[in-house]
Structures are given as structure tokens and as C-alpha cells.
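Participant: need coordinates for the below:
(chains A and B)
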Amino acid sequence: KAGVTQTPRYLIKTRGQQVTLSCSPISGHRSVSWYQQTPGQGLQFLFEYFSETQRNKGNFPGRFSGRQFSNSRSEMNVSTLELGDSALYLCASSFSGQGLAGELFFGEGSRLTVL
Amino acid sequence: DQQVKQNSPSLSVQEGRISILNCDYTNSMFDYFLWYKKYPAEGPTFLISISSIKDKNEDGRFTVFLNKSAKHLSLHIVPSQPGDSAVYFCAASEYTGTASKLTFGTGTRLQVTL
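Facilitator: Residues are numbered from 1 along each chain as shown, chains lettered A, B, ... in the order given. So this is what the prediction gives:
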């Protein structure tokens, strides 16, 4: 069974640009969550999608957005990039969601560097 | 506002000894707690979990303890092995009205030395 796949694995952008990251969940999983990992901040929750609907979101500015397609694949977009957006962006999938509903399966992440 | 805190950024333990990783939380609505382990260049992987109705859950060398009155949980690894060297994240779940939502701590880097 293939795991969670994130593309691209590494990318470099400059301030003001925008970026789109992609996540393919494990087959059969309908929930996709996105996290930002930075040193000292741990995993900061961005948003969760389930059956193409955003169910929860974290405390990030509107520059961070996402969507989920009918095949459960998800994308997140960051517009007007800032230096502080440099981070590892992790995608996680699960069958029905976070917490009690089941554990999350993470991808290897997309490492974004903003210059 | 960090609702889940791991106050020790790093921990070094000798092989064969016990590793104790701690986690504190502030939100009394959390009802489920998990530990994830992360190796460099890999995504976190689920390790062990505990429901708020329990105070202990054991899985092989890993045991998680929950003290609800103190809003504290800990992960015990006995005996510690070099392969346990990784970053450990605790996470807590609450139901937000639409779905459960996980909040992660900042992580503790465990190094198991020979």
C-alpha cells in the first residue's frame, strides 16, 4: 500500500512569490491535514480537509489556503511568500480524521525555502 | 498560545536505561492523546495513544501515562535502544464541533547513547 506522497520535496522561492504544494493520501483515506514544522514551534496545524470540505483550520493568515479534490488529493497554496514561511510542510492522511477517529499517516514533507 | 508543551527540547539517555519524555497541556477539552516519532528526512509516525478515560497504556517497550488532574502525560521507553533516537512529539485531540483536531507539542529530541 503506497504511503502519503508529497511533491515537490524541496523548493526555493523568493519573497512575494506564491507556491503550491501537492499531497496524495493513502488510497481510501478521505481526510488530509496540513502542518507547518519550524524549529522550536513543533507542528503547527494549518487545515484539514475531508471529502473536499475544510473541517478545521489553524491560526494562519489568509495567505495560506488549501483545497481537496474528489480523488482526495490535496493542494495547499501560500501566496505573497515571506521569509518566515520557510519551513517543512507536512501532509497527513487518515481514513476519517484526527484524534479519536484514528492515527495520522504523514508524508515526508515539502521543504520550502524563501529567499 | 501553546496548548501542548514539551518543555525539554532534548534528552540524552544511555542504552538500556529508561527514557522519560514529558508533555503538559492546558486545554481541559482534550480527550485523546498520542505520541509520534520523527526521524530526520521522514514524516512523523504514530507510536502510541491513550484515551482520557485511561491513565496508562502499554505497547511493548513503550508506555504512556496520563495524569488528568495535573494535565500531564509522559512516555516511558524501557529499555532505550539506539534506534529510538528521534524527535518525539506529543499531540492532543479535541472535538471542535465539526471534527476532532490534533494539537502538537514542540517536540523533544531523544538521543540514546551507547
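
Participant: low-confidence ranges in the chain?
Facilitator: Picked chain A for this. Chain A contains residues with pLDDT under 70 at A:1, A:97-102.

Participant: can you pull out the strands in it?
Facilitator: Listed in chain order, the strands found in chain A under DSSP state E are A:5-7, A:10-13, A:19-24, A:31-38, A:42-50, A:53-57, A:64-68, A:74-78, A:87-94, A:105-106, A:110-114.

Participant: from what I see, residue A:38 and residue A:85 are in contact.
Facilitator: No: using C-beta atoms under 8 Å, residue A:38 is not in contact with residue A:85; the gap is 9.4 Å. C-beta: built from backbone N, CA, C; applies to glycine.

Participant: those two: which has the busier surroundings?
Facilitator: Looking at residue A:38 and residue A:85 with other C-beta atoms under 10 Å in any protein chain shown, you find the greater number of neighbours at residue A:85, namely 20 against 14.

Participant: re earlier: mind checking the strands of chain A for the one nearest to residue B:62?
Facilitator: For the strands of chain A, proximity to residue B:62 was assessed by C-beta to C-beta; strand A:105-106 is nearest, at 18.5 Å.

Participant: counting by contacts, list what that closest one packs against.
Facilitator: strand A:87-94 (3 or more C-beta pairs under 8 Å, 6 or more residues apart in numbering or on different chains; DSSP states H and E).

Participant: isn't residue A:112 right up against residue A:90?
Facilitator: No: between residue A:112 and residue A:90 there is no contact, the gap being 11.4 Å when judged by C-beta under 8 Å.
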